[in-house]
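Student: with the input below, show me the fold.
(one chain, ligands or ions: 2)
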Amino acid sequence: MPIVKNVSRAVSQLLQSSGCGCGISIVPVRCIGVSPRQVASDASFHSVSFSESDHPRVLITGGLGQLGVGLAKLLRKRFGKNNVILSDIRKPADHVFHSGPFIYSDILDYKNLREIVVNNRITWLFHYSALLSAVGEANVPLARAVNITGLHNVLDIAAEHNLRLFVPSTIGAFGPTSPRDPTPDLCIQRPRTIYGVSKVHAELMGEYYHYRYGLDFRCLRYPGIISADSQPGGGTTDYAVQIFHDAMKTGKFQCNLKPDTRLPMMYIDDCLKATLEVMEAPAEALSMRTYNISAMSFTPEELAQEVQKHVPELQVTYNVDEVRQAIADSWPMNFDDSNARRDWGWKHDYDLPELVSTMFSFLGSDSRIAQAN
Ligand SMILES: NC(=O)c1ccc[n+]([C@@H]2O[C@H](COP(=O)([O-])OP(=O)(O)OC[C@H]3O[C@@H](n4cnc5c(N)ncnc54)[C@H](O)[C@@H]3O)[C@@H](O)[C@H]2O)c1
Ligand SMILES: C[C@@H](O)[C@H](N)C(=O)O
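Tutor: Ligands and ions are numbered 1, 2, ... in the order given. Just a heads-up that it's a prediction; the model follows:
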């Protein structure tokens with residue numbers, strides 16, 4: 001990107017040499033005073049050691065959703081329990097609260113977020129707070145606030161405090177005019193959901209802050225993620241998690257997408273592995289700042305067939321949700337992640353058969369399988 005780099009360098013030089021005392025900053029520092037709310041930002045964080053170490057000090061926003069608790073577990077194994085703070089606006093379950101530092105953080109509260117970053121000397125931020133595709137369509141003003149205004153807060157704080165920032169994007173950042181089979185990293189992006197629009201905005205703003213202010217922004221476009229011990233938060237791909245629970249509990253599953261709706265999907269361990277890998281990749285390895293990642297792609301019918309290998313009596317019916325179906329029909333069917341594979345060595349571990357057997361071993365399917373045989 002020689003032109004972009006030159007523009008960025010020229011703007012920085014201009015601002016540095018202006019000497020006008022007008023307060024123009026090369027990072028987007030917001031002029032705010034002391035927070036009137038003296039929030040004890042490190043209230044649940046007394047055991048933190050502030051000794052210097054090589055490990056990053058991590059904050060995860062929106063950490064009580066489908067992906068955040070698993071990410072915290074992985075990062076704590078790598079960097080130490082007290083170097084990773086989970087945050088959310090919800091109350092954590094006991095086992096989550098006792099598994100490591102947890103803190104209240106509303107990403108719409110800029111000053112509180114800044115206090116948390118400063119008081120805990122955060123160096124890496126994983127920004128997971130979001131309203132997903134289906135719940136976003138049900139409450140557009142809230143989705144716009146959380147997904148767009150929240151991102152602005154995070155970007156400014158990350159740039160101001162020199163953080164390495166991870167923001168996940170999604171297959172939902174593409175739309176009906178994008179090539180769908182396969183979908184490359186760089187192509188038309190005209191999504192038709194507020195979720196998708198906010199994620200394209202996040203990709204572009206993050207990359208802009210990278211080139212303009214030097215922010216170390218890293219972004220992966222996740223497929224639909226499938227996990228056993230956490231529930232999805234209201235997306236279009238949720239059916240692919242629900243089928244396992246219903247197969248186990250009732251042996252009946254009603255799918256809200258048509259049987260031939262093909263979407264890219266991934267097991268959570270692969271998703272979290274990719275997230276850590278891209279954050280640890282040397283900057284020189286990254287030819288881009290936003291990458292597709294892919295593992296498998298299937299339809300509800302294909303997933304049901306694989307599930308029936310474990311629960312043969314499973315009955316699947318279809319009751320299509322028009323909103324979700326329209327969203328799914330506009331999304332990629334297959335994701336081209338060749339750039340991630342080439343640049344930083346991305347490689348998935350789970351294809352459909354491994355995904356399904358792993359889900360059942362987590363959910364303890366043995367009794368049902370035994371019954372079926
Ligand atoms: N799960 C997937 O299939 C998937 C796929 C692609 C991308 N992603 C992205 O990964 C990230 C995490 O996804 P997830 O599935 O865990 O989402 P989720 O919906 O399960 O969790 C999102 C969390 O954000 C929190 N939140 C909402 N408003 C907030 C606010 N004002 N301040 C702070 N937190 C707030 C919620 O309480 C919730 O715990 C999201 O950005 C999502 O877009 C997820
Ligand atoms: C694909 C992803 O972004 C999310 N699971 C959704 O369906 O909205």
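Student: tell me who's in contact with the residue positioned nearest the centre of the chain.
Tutor: Nearest to the mean C-alpha position of the chain, by C-alpha atoms, centre = their mean, lies residue 168 at 3.5 Å. For residue 168, the contact set (C-beta atoms under 8 Å, 6 or more residues apart in numbering) comprises 67, 127, 128, 219, 220, 221, 222, 275. The C-beta positions use only the backbone N, C-alpha and C, and glycine is treated the same way.
Student: so which strand or helix has the residue in the chain that ligand 2 sits nearest to?
Tutor: Using C-beta to the nearest ligand atom, residue 235 is the residue of the chain that sits closest to ligand 2, at 2.4 Å. Using DSSP states H and E, residue 235 falls within no helix or strand.
Student: who touches stretch 268-276?
Tutor: In contact with stretch 268-276 (C-beta under 8 Å, 6+ apart) are residues 66-67, 70-71, 74-75, 78, 126, 166, 168, 220, 222, 225-227, 230, 293, 295, 340, 346, 348-350.
Student: is residue 116 in contact with residue 86, as I believe?
Tutor: No. Counting by C-beta atoms under 8 Å, residue 116 stays clear of residue 86, with 11.6 Å between them.
Student: the two - which one has more neighbours?
Tutor: Applying other C-beta atoms under 10 Å to residue 116 and residue 86 shows that residue 86 carries more neighbours, namely 29 against 24.
Student: which other helices and strands contact whichever strand or helix holds the more buried one?
Tutor: Assigned by DSSP H and E, residue 86 belongs to strand 84-88. Using 3 or more C-beta pairs under 8 Å, 6 or more residues apart in numbering; DSSP states H and E, the elements in contact with strand 84-88 are strand 58-61, helix 68-79, strand 102-104.
Student: which of those sits most buried?
Tutor: strand 58-61 (a mean of 26; mean count of other C-beta atoms under 10 Å).
Student: now, the contacts of residue 168 that are in strands?
Tutor: 127, 219, 220, 221, 222 (DSSP state E).
Student: widest-spaced pair of those?
Tutor: Maximum pairwise distance among those (C-beta to C-beta): 14.5 Å, between 127 and 221.
Student: ok, back up a step: determine how far the strand holding residue 86 lies from the middle of the whole chain.
Tutor: Remark: strand 84-88 is offset 14 Å from the chain centroid, using C-alpha atoms, centre = their mean, to the nearest Å.
Student: list the strands paired with that strand, with their directions.
Tutor: Sheet pairing for strand 84-88, assigned by DSSP bridges, gives strand 58-61 (parallel), strand 102-104 (parallel).
Student: any idea which of those gets closest to residue 312?
Tutor: Per C-beta to C-beta, nearest to residue 312 of those: strand 58-61, 39.6 Å.
Student: which residues are in contact with the closest one?
Tutor: 68, 71-72, 75, 79, 83-88, 105, 107, 113, 116-117, 120, 122-129, 150, 154.
Student: just those residues that are near ligand 1?
Tutor: 68, 88, 107, 128, 129, 150 (C-beta under 6 Å from any ligand atom).
Student: contact partners for the last one?
Tutor: The neighbourhood of residue 150, defined by C-beta under 8 Å, 6+ apart, consists of 61, 107, 108, 127, 129.
Student: farthest pair within those?
Tutor: Counting by C-beta to C-beta, the most remote pair of these is 108 and 127, 12.8 Å apart.
Student: higher neighbour count, these two?
Tutor: residue 127 (23 against 16).
Student: surely the more buried one and residue 152 touch.
Tutor: No. Residue 127 is beyond contact range of residue 152, at 11.2 Å (criterion: C-beta under 8 Å).
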